[in-house]
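S.K.: pasting the sequence and the predicted model now:
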Amino acid sequence: MTSISVEKSVDVTVDVDVDIYVDDVVNFIFSANNKELEEIAVALAGKGVHSSLIALDAATVRHLIERVNVFGLDDMLDDLKREGERIGVFMTEVKV
């Protein structure tokens, strides 16, 4: 008995419509890790959308106040500016 083996590959293009709702996006954001959230923030900033802070957590407030108390207001603002730029939010010149 003789056996024959044949391999075949087929390329197929498929056009699929997918409905994505705002709830789907919100659910993704809630489940996203920090890296994904930073990528989203950078993409939004690239489109000119800058989200505002709704509330600062206690650790952030403590860090900023300790920075002012130890190094002065200018240093704290520099630190805040650097951290904002890291996530795609840019601070305009601040006059103290």
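M.R.: Nice, I can see it.

S.K.: just say helix, strand or coil for residue 14.
M.R.: coil (DSSP: H, G, I helix; E, B strand; the rest coil).

S.K.: quick one, phi/psi of it?
M.R.: phi -120, psi 130 (degrees, to the nearest 10).

S.K.: do a quick rundown of the helices in this structure.
M.R.: With helices called from DSSP state H, the chain shows them at 22-31, 34-46, 58-71, 73-86.

S.K.: quick check, pLDDT for residue 13.
M.R.: pLDDT for residue 13: 91.

S.K.: burial count for it?
M.R.: Burial of residue 13 is recorded as 4 neighbouring residues (other C-beta atoms under 10 Å). For the C-beta atoms, the positions are set from N, CA and C on the backbone; glycine is no exception.

S.K.: how close does it get to residue 20?
M.R.: As judged by C-beta to C-beta, to the nearest Å, residue 13 and residue 20 stand 21 Å apart.

S.K.: most distant residue from the centre of this protein?
M.R.: Distance from the centre of the chain peaks at residue 1, with 62.8 Å (C-alpha atoms, centre = their mean).
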